[in-house]
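*Asks:* Next comes the sequence, and after it the predicted model I'd like to discuss.
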Amino acid sequence: MQHKDVHYSDYLQLDKILNAQQLESDLNNAHAHDEMLFIIIHQAYELWFKQIMFEVESVVDIMGQQSINDNSPDLQTVAHRLNRVAVILRVAVHQIDIMETMTPMDFLDFRNFLRPASGFQSWQFKLLEARLGLRYTERHAQEYYISQLRQEHVDIIKSAENKPSLLDLVNEWLERMPFFEDHENWPPYLENTIQQHPFWADYAARYVESLMPNERHNLRFFNQVFFGEEDATEHRFSPKACRAGLFIFLFRGYPMLQIPFQLLNLLLEIDAQLSTWRYRHMNMVHRMIGTRTGTGGSTGKDYLKGALDKHYIFKEIAGLTSFLIERQNLPKLSPTLEAKLGFRS
């Protein structure tokens, strides 16, 4: 089959992209120089959101498998693509630096021409939040959440909310971790007859010893997180998944746990970058319009602050750090388990 020559401009469809900036101020015979910057920044955001969604959906497909072969590239691929998402989000944060070269008076030159358009109508960003794992019940200002969207975009987001999210699939993946099922992994503990797995009974005792007197209440949280009754309305990660996650954090130096640790750490990095983006966005809005309402009718800075405070998706993974102890105090693993967690001969 003969290969067709490809031209740079045609391949990137530059005619469409470079002619996709229509200034509302020009249409109103009030040319505002900075409106071009405003449009291009937001178009770039939407392109990055599309790329992030492309990566997240591929990760969801891999994590949705019944099992992930730890001798296959699957988990490395997941970590690689999540890292790309985190890097893109860092770029999204730094785009605000460019936006802030526009002064409040520059913005006022064209702001009123934008009503009622608003960044709140970015359905791709809401879709991304849903696919990562943010539930409708966890959203700030739920009554306003989809009120500004077109019905076709509402349908896309609602459909996404009914599918297993990345958070859901990570929980299932952690639950499948076979650390504690095989008794041959735990010969130092075999004579212990208590109901709780002897490793965790030992670890809980060491954890208590590590607490300061004013931290003793943490033992109650320890038991609730790792051995309490699962409550899907409050806790997104099951006790079994949390135990696996903590084990990965504790023993991440072993080769078999390095990529699982990278995966969990990248989820925290994505949450951190989303939070930083919201914080920078909130401060920029306050700098630009003060206490005025947004062009779409939101409360401006107050709405953004509410979302910043509430929209942490992987907060339960972050919370596992409350239950770490010093390396030198970790329970010793059996040679059998160490061999399984090491490089295979």
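*Replies:* Right, received. Where do you want to start?

*Asks:* switch to C-alpha atoms for all contacts and neighbour counts from now on
*Replies:* Noted.

*Asks:* what's the span of stretch 318-326 from first residue to last?
*Replies:* 17 Å (C-alpha to C-alpha, to the nearest Å).

*Asks:* Can you list the neighbours in contact with that stretch?
*Replies:* Identification of contacts with stretch 318-326 by C-alpha atoms under 8 Å, 6 or more residues apart in numbering yields 206-207, 210, 222, 242, 245-246, 250, 268.

*Asks:* same question, stretch 249-256
*Replies:* By C-alpha under 8 Å, 6+ apart, the surrounding residues in contact with stretch 249-256 are 257-258, 261, 324, 327, 330, 338, 340-343.

*Asks:* okay, the lowest-mean-pLDDT helix or strand in the chain in CSV with CA atoms only?
*Replies:* Taking mean pLDDT, DSSP states H and E as the measure, the helix or strand of the chain with the lowest value is helix 142-145, at a mean of 72. These are the backbone C-alpha positions of helix 142-145, laid out as CSV (Å, rounded to 0.1, in the frame of the first residue of the first chain):
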residue,chain,number,x,y,z
GLN,A,142,-24.2,20.3,44.1
GLU,A,143,-27.1,22.4,43.1
TYR,A,144,-24.8,24.4,40.8
TYR,A,145,-22.7,21.5,39.6
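
*Asks:* Please name every helix or strand in contact with that helix.
*Replies:* Using 3 or more C-alpha pairs under 8 Å, 6 or more residues apart in numbering; DSSP states H and E as the contact definition, helix 142-145 packs against no other helix or strand.

*Asks:* Can you list the low-confidence ranges for the stretch 151-300 of the chain?
*Replies:* Counting by pLDDT under 70, the stretch 151-300 of the chain contains low-confidence residues at 188-195, 229-233, 291, 293-300.

*Asks:* cutoff 90 now
*Replies:* Low-confidence segments of the stretch 151-300 of the chain, defined by pLDDT under 90, are located at 177-199, 201, 213-219, 228-235, 281-282, 285-300.

*Asks:* Just the helices from the stretch 151-300 of the chain, written as ranges.
*Replies:* With helices called from DSSP state H, counting those that start in this stretch, the stretch 151-300 of the chain shows them at 151-161, 166-175, 198-210, 218-227, 239-250, 255-289.

*Asks:* what's the angle from the second one to helix 255-289?
*Replies:* If you take axes from the mean of the first three to the mean of the last three C-alpha atoms, to 10 degrees, helix 166-175 sits at 160 degrees to helix 255-289.

*Asks:* What distance do you get for the nearest residue to residue 113 once chain neighbours are set aside to residue 33?
*Replies:* By the measure of C-alpha to C-alpha, 6 or more residues apart in numbering, the closest residue to residue 113 outside its immediate chain neighbours is residue 24, 6.2 Å from it. When C-alpha to C-alpha is the yardstick, residue 24 and residue 33 sit 11 Å from each other.
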